[in-house]
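Peer 1: just need the structure, nothing else, for what follows:
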Amino acid sequence: MEGAAMGKGRQFSLGCVVVFVALFSLIVGCTNKTDNDTSQSSSLVMQGKELFMNYCVHCHGPSGVGDGFNALYLDPRPRDLTDSIEVFMGDLSNDDIYGMILSRDIMDPEESERLLDEALENDTELPFLVPPAMPTFKYTLSDAERWTLVAYLRTLHKNDAPQVDIPATVSTTRPIVSGRKVPSWDMAEEEKITLVERGKALFSDKYNCVGCHMIAGYGGKVGPDLSQSGRRLASDWTYQWISNPQAISSDTKMPNLGLSENEAKAITLYLGTLVSPSTS
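Peer 2: Residues are numbered from 1 along each chain as shown. Here you go, the predicted model:
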């Protein structure tokens, strides 16, 4: 009888410990949650996280603080998506993130500078401008996929934004960009020189391609080293690739930048001049 009583006592004590641990874990779990943890659908967040890890992590880093392995080669540096130093993302609406960051067209640097100067001169509100270092995903991901990225980004910083819900009318199909006819590469030498210079400016300034590609020992490591692209790559292939990379490799990390035909031609000609590690 005494042994049985002691056994029951131990069982009761053990049960109390288990209940206490469970309650403690629940309390800790609740206190560790931020406002945004409970505001998003877990399925959308997981889809968005998968896209983030494929397209964004090399610049913004695995935790979103802007410390990706390519961050060193970007100017300005990638945005801290966690708002750990200053609040930025938390002040944006869901529509801001979707439209002005993930779905915009890339603006020419000269146009960006003009808009900034105009706002300063007229003492008006500064325009929301995303630097060219940040690629657009308007021509790469579907509308629904870009919304899942919004849902995931919302888990990285505190915010009061409403839950991201994707309407049934939103397209789940990735953009289909028709193939382009390869242009003629026969032209006067003066015209070629002009296009090469424009291609270099587009490559370096507008699209900041060195953020992903290395040239002569400097640049990112996501894409291949382009120092020898003039020897290794045929102009016809280069033109088709930079015009629509997903048409050649559907799972490539390189986004479709929405290049115009003339931009693609100019960049192709510039890449054709890169024939040695010392080329700049």
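
Peer 1: mind showing which ranges of the chain have poor pLDDT?
Peer 2: Residue ranges of the chain with pLDDT under 70: 1-39, 277-280.

Peer 1: need the contact list for the residue nearest the centre of it.
Peer 2: In the chain, the centroid-proximal residue (Cα atoms, centre = their mean) is C56; its distance is 3.9 Å. Listed by Cβ atoms under 8 Å, 6 or more residues apart in numbering, the contact partners of C56 are G68, L149. Where C-beta positions appear, they are placed from N, C-alpha and C, glycine not excepted.

Peer 1: from S43, how far off is it?
Peer 2: 19 Å (Cβ to Cβ, to the nearest Å).

Peer 1: for the helix or strand hosting G199, packing partners?
Peer 2: Secondary-structure assignment from DSSP states H and E places G199 in helix 189-201. Under the contact definition 3 or more Cβ pairs under 8 Å, 6 or more residues apart in numbering; DSSP states H and E, helix 189-201 sits against helix 261-271.

Peer 1: return the list of helices and strands in contact with the helix it packs on.
Peer 2: helix 189-201, helix 235-243.

Peer 1: contacting residues for the residue nearest to E263 when sequence neighbours are not counted?
Peer 2: Nearest in space to E263, with sequence neighbours left out and distances taken as Cβ to Cβ, 6 or more residues apart in numbering, is L202 at 5.6 Å. Neighbouring residues of L202 by Cβ under 8 Å, 6+ apart: E263, A266, I267, Y270.

Peer 1: if you set the cut-off to 10 Å instead, what comes out?
Peer 2: 108-109, 132, 208-209, 257, 259-260, 262-264, 266-267, 270 (Cβ atoms under 10 Å, 6 or more residues apart in numbering).
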